[in-house]
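A.B. asks: Requesting a structural model of the entry that follows:
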Amino acid sequence: MGEALPLFDDDLNCILTVVGHSLASGTREAYGSGLLVYHVFCDARGVPENQRGLVSSLLLLSFIATCMGMYSGKTLENYLYGVRAWHVLHGLAWLGGSEEIMSALEGASCLAPPHSKRPKCHPFTLAIILRLRSALDLTVPLDVAVYACLVTSFFTLARLGELTVRSLSAFDPSLYTTVSDVCFTEDCHSLKVTIIRLPRSKMSPSG
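C.D. replies: Numbers count the residues shown, from 1 in each chain. Sure, this is the predicted structure:
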């Protein structure tokens, strides 16, 4: 092995920033919440700093067992992924992929309180879309945009989150579709088609 590279704090921070951006913003928020819960757990148990990183399977099992009954199985799973991401960012080995950990997560999911689970939303159907259409005024630009977005997402099997933005301040052209991402062309059968390019999707972060 060669000599260690002379890295400074700024170099390490730059590395953490680059690796951290491999995660979507929503994922970073969820992982951040999980990491906070993990450190609160460690503080309450008096776990020293040097044992929080390169965490043992026993400590992870204790963390899962302590959170059992307070969070949904999915939330607890995301919290564990947050601790894993923290290890990855700092170049630490991760020991949380054992069968015991997976079994503990499954058990915690079964014991999760009913109120911790968000009820599943009913899917849109043509009947629902037609009811919404009857309540819209297609002479109003906003209503036209809403209806066009709904119909497009329905017939293209797209996620609503891929065609909508939570707020104007959250809009980012590198993440969300713009007018320039829409084009009109013909397919191999000379039928007119509309193509909407998604800069980013859940299954393909790079579009």
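
A.B. asks: for the chain, which helix is longest?
C.D. replies: Looking across the chain with DSSP state H, the single longest helix is helix 25-45.

A.B. asks: Against which helices or strands is that one packed?
C.D. replies: Using 3 or more CB pairs under 8 Å, 6 or more residues apart in numbering; DSSP states H and E, the elements in contact with helix 25-45 are helix 49-52, helix 57-67, helix 73-89. C-beta: built from backbone N, CA, C; applies to glycine.

A.B. asks: Give me the buried positions along the first one.
C.D. replies: Looking back up the chat, that one is helix 49-52. Buried residues in helix 49-52, counted by 16 or more other CB atoms under 10 Å: Arg52.

A.B. asks: quick check, distance from that helix to the centre of its chain.
C.D. replies: 27 Å (CA atoms, centre = their mean, to the nearest Å).

A.B. asks: mean confidence for that helix?
C.D. replies: On average, the pLDDT along helix 49-52 is 87.

A.B. asks: Can you list the neighbours in contact with that helix?
C.D. replies: 38-39, 42, 59 (CB atoms under 8 Å, 6 or more residues apart in numbering).

A.B. asks: which of the residues you listed are buried?
C.D. replies: By neighbour count, with 16+ other CB under 10 Å, the contacts of helix 49-52 hold 38, 42, 59 as buried.
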